[in-house]
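K.L.:
I'll drop the sequence and a predicted model, then ask my questions.
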Amino acid sequence: MSFVERLPRQVTVVEVGPRDGLQNEAQPVPTELKVAFIERLADAGFPVIEVTSFVSPKAVPQLADAEEVMRRIARRPGTRYLALVPNERGLERALAAGCDAIALFTAASEAFSQANVRASIEETFGRFRPVAERAQAAGLWIRGYVSTAFHCPYSGPVDPQQVLSMADRLFSLGCHEVALADTIGRATPRDVDRLLALATRAFEPSRLALHFHDTAGLALANVMIGLDYGITVFDASAGGLGGCPFAPGAPGNLATERLLALLEGLGIETGVDREAVAAAVAELREAVPGIGARAC
Ligand code: COA
Ligand code: ZN
């Protein structure tokens with residue numbers, strides 16, 4: 001069997017632009033434009049869209065309209081609308097807004113955890129326990145994120161064993177899927193190989209997702225390594241919008257259009273219409289000139 005024939009035939013592309021993309025945007029984006037963007041992306045065929053975060057509006061002012069966005073989007077059957085939740089307060093807000101899928105996020109680096117959520121890794125799990133219990137009781141679908149799974153902007157390279165331990169704890173809490181995130185986009189194909197060699201032995205590859213940023217231009221090469229390990233869930237952001245306001249040096253996410261071009265080129269099914277994604281981005285850029293221009 002050739003290399004390409006050995007790769008998965010079908011991949012889930014998780015569109016994170018409305019959350020990871022917009023959270024880093026300095027100029028305010030009106031709620032109605034976010035709603036229109038999300039609806040256009042759903043029409044493009046994404047099975048999962050990360051729409052917003054129920055975090056502190058002081059920490060991420062751009063997403064202060066999380067309730068309104070969640071309530072106003074017309075739900076397309078077959079699309080999962082995901083929202084980040086940092087604590088019980090966030091879960092209450094998410095439930096009140098009608099969310100049925102949430103993402104909990106922690107980090108593999110203490111320094112990043114402090115910068116991102118003003119808590120140690122241990123404290124984040126203390127916050128998650130009651131959230132996960134209530135979310136499970138309410139029948140929500142739960143994703144877990146391990147941020148800085150390769151490099152931390154503050155403390156450098158991250159030990160893969162630490163990532164495995166975080167992923168294990170997230171699965172134990174009841175997460176259905178765990179995303180390993182290269183928050184600052186510094187992972188090399190060799191880093192990805194090293195982590196996945198361990199992670200795909202420890203966990204079911206179908207329950208792992210990869211979240212790459214494209215800082216060093218290596219995101220697609222890293223996706224190729226993931227595919228070779230049988231990973232079938234990849235995050236990307238329409239138009240390459242985004243970055244993380246708490247991670248200096250994290251400019252763009254892997255652009256969805258580029259990921260789709262790669263997957264199409266490998267003959268891998270996604271169910272997403274690449275031109276419709278480009279049209280959704282063009283519409284947003286026309287309404288908000290200069291969007292995505294800020295480098296973190
Ligand atoms: N939604 C809305 N407001 C919230 C909130 C939530 N989920 N959680 C806390 N707050 C508010 C509190 O009410 C309090 O408000 P006040 O100052 O008006 O009294 C304030 O935020 C601080 O609350 P506290 O519990 O002390 O939290 P904190 O200051 O330690 O911050 C987080 C913790 C997690 C809430 C905050 O750091 C955060 O939202 N970070 C966002 C991280 C993020 O989105 N990163 C990008 C994704 S990886
Ligand atoms: Zn990201």
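P.N.:
Cool, got the structure. Ligands and ions are numbered 1, 2, ... in the order given.
K.L.:
for the rest of this, base every contact and every neighbour count on C-alpha atoms.
P.N.:
Fine.
K.L.:
so what's the residue of the stretch 101-250 of the chain found nearest ligand 1 up against?
P.N.:
Going by Cα to the nearest ligand atom, ligand 1 is nearest to Val117 of the stretch 101-250 of the chain, at 3.6 Å. By Cα atoms under 8 Å, 6 or more residues apart in numbering, the residues touching Val117 are Pro86.
K.L.:
any idea how far it is from Ser147?
P.N.:
Distance, Val117 to Ser147, by Cα to Cα, to the nearest Å: 12 Å.
K.L.:
do Tyr81 as well
P.N.:
Distance, Tyr81 to Ser147, using Cα to Cα: 20 Å.
K.L.:
if you skip the residues just before and after it, what's nearest to Pro130?
P.N.:
Nearest residue to Pro130, sequence neighbours excluded (Cα to Cα, 6 or more residues apart in numbering): Glu88, at 7.1 Å.
K.L.:
isn't the one you found up against Arg129?
P.N.:
No - assessed by Cα atoms under 8 Å, Glu88 is found out of contact with Arg129, at 9.3 Å.
K.L.:
enumerate the residues of the stretch 101-250 of the chain near ligand 1.
P.N.:
By the rule Cα under 6 Å from any ligand atom, the part of the stretch 101-250 of the chain lying against ligand 1 is Asn116, Val117, Arg118.
K.L.:
low-confidence ranges in the protein?
P.N.:
243-245, 247, 249-251, 293-296 (pLDDT under 70).
K.L.:
hey, where'd the strands end up in it?
P.N.:
Taking DSSP state E as the test, the strands found in the chain are 12-15, 48-53, 80-84, 101-107, 141-147, 151-152, 156-157, 177-182, 208-212, 233-236.
K.L.:
check the offset of the fourth one from the chain's centre.
P.N.:
Spelled out, that is strand 101-107. Mean-position distance between strand 101-107 and its chain equals 9 Å (Cα atoms, centre = their mean, to the nearest Å).
K.L.:
swap in the third one?
P.N.:
Taking the mean of its C-alpha atoms, strand 80-84 sits 10 Å from the chain's own mean (Cα atoms, centre = their mean).
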